[in-house]
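> output the structure for:
(2 chains)
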Amino acid sequence: EAGVAQSPRYKIIEKRQSVAFWCNPISGHATLYWYQQILGQGPKLLIQFQNNGVVDDSQLPKDRFSAERLKGVDSTLKIQPAKLEDSAVYLCASSHEAGTGETQYFGPGTRLLVL
Amino acid sequence: GDSVTQMEGPVTLSEEAFLTINCTYTATGYPSLFWYVQYPGEGLQLLLKATKADDKGSNKGFEATYRKETTSFHLEKGSVQVSDSAVYFCALSGARSNDYKLSFGAGTTVTVRA
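A predicted model of the protein is given here:
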């Protein structure tokens, strides 16, 4: 079974530029998550999708971050404009369903450096 | 809100030593508890989990028991190997209905020397 795919793996941009990350979850997984992991910290949820609907985006900085999940499969996370503090690893995860005890499967992440 | 506190690292051990990483949680409901591991150059992967009080999760020689009375989920392994060198994250989810995001601790870096 193929795992969660993410691209690009690395990205370097200057502040105020825009950037987009792509995620393809495990086939058949209804729930998709985007997490932000700042160096030295644990991942923090940005947004959760159930199929193509948003379940939780309470911690997404909506003035600069946006995300969509077209057709309930692939997802894109965008930052516009980027700030220095957005430097982090952006992790995509998926699970079969949303439920307590459900295992979330993580992709390799996209490492973003904002200069 | 829900949170996880885990032992700060880094932790350095010799091969065959006993490993314990402490994890305690704060939650208003009845969460599921997880240990995720990140090996060098790899993504996060589930190590073990427990979904209710007194459950024991185990995998690859690692164990953790869900202790509701002490709100803890400490990770243990009796004899570590060099290949266990990684960053270990304690996490919880599902403390409240319809809230299934993972809340992670800060991670503990473990290095095992030959």
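
> mind listing the helices for chain A?
Taking DSSP state H, chain A contains no helices at all.

> looking at chain A, which helix or strand does the model trust least?
When the helices and strands of chain A are scored by mean pLDDT, DSSP states H and E, strand A:53-56 comes last with a mean of 91.

> just checking, what packs against it?
On a contact count with 3 or more C-beta pairs under 8 Å, 6 or more residues apart in numbering or on different chains; DSSP states H and E, strand A:53-56 meets strand A:44-50. Bear in mind the C-beta positions are built from the backbone N, C-alpha and C, glycine included.

> keeping just the C-alphas, turn the strand it packs on into PDB.
C-alpha atoms of strand A:44-50 as PDB (Å, rounded to 0.1, in the frame of the first residue of the first chain):
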ATOM      1  CA  LYS A  44       0.600  21.200  15.600                       C
ATOM      2  CA  LEU A  45      -2.600  20.800  13.600                       C
ATOM      3  CA  LEU A  46      -3.400  23.500  11.100                       C
ATOM      4  CA  ILE A  47      -6.500  22.000   9.400                       C
ATOM      5  CA  GLN A  48      -8.500  18.800   9.200                       C
ATOM      6  CA  PHE A  49     -10.600  17.700   6.300                       C
ATOM      7  CA  GLN A  50     -13.300  15.000   6.300                       C
END
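
> paired strands for that strand, with orientation please.
Partner strands and pairing direction for strand A:44-50 (DSSP bridges) are strand A:31-37 (antiparallel), strand A:53-56 (antiparallel).

> is it true that residue B:72 touches residue B:26?
No: using C-beta atoms under 8 Å, residue B:72 makes no contact with residue B:26, being 11.2 Å away.

> so what pairs up with the residue positioned nearest the centre of chain A in the strands?
What sits nearest the mean C-alpha location of chain A, by C-alpha atoms, centre = their mean, is residue A:34, with 2.8 Å. Beta-bridge partners recorded for residue A:34 (DSSP bridges): residue A:47, residue A:92.

> can you pull out the strands in chain B?
B:3-6, B:11-14, B:19-21, B:23-26, B:32-38, B:45-50, B:56-59, B:62-65, B:75-77, B:86-93, B:103-104, B:108-113 (DSSP state E).
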